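Q: Sequence and computational prediction follow.
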Amino acid sequence: GAVVSQHPSWVICKSGTSVKIECRSLDFQATTMFWYRQFPKQSLMLMATSNEGSKATYEQGVEKDKFLINHASLTLSTLTVTSAHPEDSSFYICSARLGGSGGPGEQFFGPGTRLTVL
Amino acid sequence: AQSVAQPEDQVNVAEGNPLTVKCTYSVSGNPYLFWYVQYPNRGLQFLLKYITGDNLVKGSYGFEAEFNKSQTSFHLKKPSALVSDSALYFCAVRAPGNNRLAFGKGNQVVVIP
């Protein structure tokens, strides 16, 4: 199956600093990538849909100025958590979908990034 | 609107016994249905999907799922569970033309040796 990577796999930072997480589709091109947040023993919460070459679409309640998303190429999307605070500590997962928007292609997920803000 | 219900929090099964993880969905039109598995501190791994055609779908690691339109269900099954199948399982649905996947809350499967 298609492979999606994330970097870093874990990061610890001080409150007030910014952290960038990279998501790459390694063997396919993805016009659409997704960013999720997962709390312990809970389901995935969609934060935003990242579209190559255009602005991301954020879900209701997600601060776009805090969670900056850039999808500069067909294989790379980045999520920057700006001025991180302890409540931003979470497991962040990206995914990329095969095929066009709205089609039946499955999403492939990255391994996740564990963010801990001290 | 699209949604998924996974009614059980945890499924316990003895190794070698059949495993079933339940999923029902709500969506307008014909659904695209997916099952994913997640191991601790890892992303989700794709198991199988139903788009159209045969209601019984076979996937990775010996898993299969049966699409039942009248019951709006897409239960995941494995004839003989392994200890290594212990993980968190997510059912997801997407309506054609919709960009977003709707996930269930997840089911923790525990296979007892």
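A: Received it, and whenever you're ready, just let me know what you need.
Q: how near is B:Leu82 to chain A?
A: According to CB to the nearest CB, to the nearest Å, B:Leu82 and chain A sit 20 Å apart. C-betas here are computed from N, CA, C, even on glycine.
Q: Compute the distance between that residue and B:Gln45, please.
A: Computed as CB to CB, to the nearest Å, the B:Leu82 to B:Gln45 distance reads 15 Å.
Q: neighbour-wise, which of the two wins?
A: B:Gln45 (17 against 14; other CB atoms under 10 Å in any protein chain shown).
Q: wait, doesn't the more buried one sit right on B:Val37?
A: Yes - if you go by CB atoms under 8 Å, B:Gln45 and B:Val37 touch, sitting 5.2 Å apart.
Q: Okay, and the residue nearest in space to the middle of chain A sits in which element?
A: What sits nearest the mean C-alpha location of chain A, by CA atoms, centre = their mean, is A:Trp35, with 3.2 Å. Assessed by DSSP states H and E, A:Trp35 sits inside strand A:32-38.
Q: Within its sheet, name the partner strands of that strand and how each one runs.
A: If you go by DSSP bridges, strand A:32-38 pairs up with strand A:44-51 (antiparallel), strand A:90-97 (antiparallel).
Q: Highest mean neighbour count out of those?
A: Compared across the strands paired with strand A:32-38, strand A:90-97 shows the largest average neighbour count, a mean of 25 (mean count of other CB atoms under 10 Å in any protein chain shown).
Q: Report the mean per-residue pLDDT for that strand.
A: Taken as a whole, strand A:90-97 carries a mean pLDDT of 93.
Q: Give me the distance from the helix or strand just after it to the chain's centre.
A: Downstream of strand A:90-97, the next assigned helix or strand under DSSP H and E is strand A:107-109. The chain centre lies 11 Å from the centre of strand A:107-109; the measure is CA atoms, centre = their mean, to the nearest Å.
Q: So in that sheet, which strands flank strand A:107-109, and in what orientation?
A: Paired neighbours of strand A:107-109 in the sheet (DSSP bridges): strand A:90-97 (antiparallel).
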